[in-house]
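**Student:** With the sequence up front, the predicted model follows.
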Amino acid sequence: QVQLVESGGGLVQAGGSLRLSCDASGSIFRINAMSWYRQAPGKQRDLVATISSGGFANYADFVKGRFTISRDNAKNTVYLQMNSLKPEDTAVYYCNANIMQYDYQLRDYVRRDVWGQGTQVTVSS
C-alpha cells in the first residue's frame, strides 16, 4: 500500500505565498516523476508542475516564474512553493507520483501512478 499525503494548503490573499508538501510512504521501490495537479470547481484537472527523480522540472505556462517544484528523495517528499498567488490559482491541489513497487502476485516490479487526497488552496482578491 502506498500513500501520498498533501499538506500546506489554506487561505491566502492575492500576492501572498504558500508552500505545499506531499509525503509518500508505503511499499515503494523507487519514485520516478512527481507532479502537482490542480482542479478548480467545474473544471478539468490540470498539470501544474513535474519534477524528475534527477531534479529536472517542467511547469505549466500559467505558473512559470511564480511556482517552484522541488523534491527531497531521501524523504520521498515533493514540494510546491507558490509565490505571487492570484485568485485564479484557487483550486484543490493534488500530488501525483509515478512509482515502482514489487507486485507479489506478478512476482515482478510494476509501475503505478499514485494520487494524494488533495489540499485546498484559496486565494482571495
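**Tutor:** That came through fine.
**Student:** Could you tell me how many residues sit around residue 32?
**Tutor:** By other C-beta atoms under 10 Å, the residues close to residue 32 number 12. In short, each C-beta sits where N, CA and C put it, glycine included.
**Student:** In contact with it: list those residues for me.
**Tutor:** Applying C-beta atoms under 8 Å, 6 or more residues apart in numbering to residue 32 gives the contacts 52, 53, 97, 98, 99, 100, 111.
**Student:** was I right about the second one contacting residue 73?
**Tutor:** Okay, so that is residue 53. Yes. Using C-beta atoms under 8 Å, residue 53 makes contact with residue 73 at a distance of 6.8 Å.
**Student:** May I have the predicted confidence score for residue 68?
**Tutor:** With respect to pLDDT, residue 68 has a value of 98.
**Student:** ok, what's across the strand from it?
**Tutor:** Applying DSSP bridges to residue 68 gives these bridge partners: residue 81.
**Student:** on that earlier part again, which neighbours do residue 53 and residue 73 have in common?
**Tutor:** residue 31.
**Student:** I'd guessed residue 8 sits against residue 19; true?
**Tutor:** Yes. If you go by C-beta under 8 Å, residue 8 and residue 19 touch, sitting 5.3 Å apart.
**Student:** Next, residue 62: secondary structure please.
**Tutor:** Residue 62 falls in the helix class when you classify it by DSSP: H, G, I helix; E, B strand; the rest coil.
**Student:** What number of residues are in the vicinity of it?
**Tutor:** 13.
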